[in-house]
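J.: Need a 3D model of the sequence below.
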Amino acid sequence: MLITYWLNGKKASADIEPGMMLYDFLRSQGCYSVKCGCETTNCGLCTVWVDDLPVLSCAVLAVRIDGCRVTTLEGLQEEAKEFAFYMGQQGADQCGFCNPGFVMNVLSMVRRFDSPTEDEIKEFLSGNLCRCTGYMSHMRAIKKFFKAKGKEVRS
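T.: Purely as a prediction, here's the structure:
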């Protein structure tokens, strides 16, 4: 099937197999930040944006991006660096395997919410699995990032 899409702001076309998963397709296009840790939609490592909404690319057929805008971490380097600073500062960046999917969701969240509660943040990030931390350092990093963006996290 021939599909046309925008990947990280650049228009492209590809001839793909109808059953190809978005995760596999994006990696074939050089988007190596897109990782797959479970293939069961339980870990969040494969999170990308399709038309600015976070999706789990291991559960989406690549043909679904026809006519859509797809954003991976490769397309958000400056914002990702900014948030990564707070992750490092708060000790949230340990092995780093979960970071791409986690960062994609945090960057989406900061676009959607002006003053979320801690419970809203936890709910939004509930699909992101990190095996190294207890998430307290993640929450501190998120709060500092929101503050840097002129937003607040309510208790």
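
J.: Look up phi and psi at the spatially most central residue of the chain.
T.: Centroid-nearest residue in the chain: Met104, 2.2 Å away (criterion: C-alpha atoms, centre = their mean). When read as degrees, to the nearest 10, the backbone of Met104 gives phi -60, psi -40.

J.: That one contacts Val48, doesn't it?
T.: Yes. Using C-beta atoms under 8 Å, Met104 is in contact with Val48, at 6.5 Å. Heads up, the C-betas are built off the backbone N, CA and C, glycines and all.

J.: shared neighbours of the two, which are they?
T.: Common neighbours of Met104 and Val48 (criterion: C-beta atoms under 8 Å, 6 or more residues apart in numbering): Pro54, Thr72.

J.: Quick check on Asp51: phi, psi?
T.: phi 50, psi 50.

J.: And the pLDDT at Cys95?
T.: Looking at Cys95, its pLDDT reads 82.

J.: Contact partners for the closest residue to it other than its chain neighbours?
T.: Nearest residue to Cys95, sequence neighbours excluded (C-beta to C-beta, 6 or more residues apart in numbering): Cys132, at 5.2 Å. Neighbour list for Cys132: Gln94, Cys95, Cys98 [criterion: C-beta under 8 Å, 6+ apart].

J.: how would you label Cys132: helix, strand or coil?
T.: coil (DSSP: H, G, I helix; E, B strand; the rest coil).

J.: now the closest residue to Thr117 other than its chain neighbours: how far from Gly75?
T.: Nearest residue to Thr117, sequence neighbours excluded (C-beta to C-beta, 6+ apart): Arg154, at 4.7 Å. Arg154 sits 30 Å away from Gly75, going by C-beta to C-beta, to the nearest Å.
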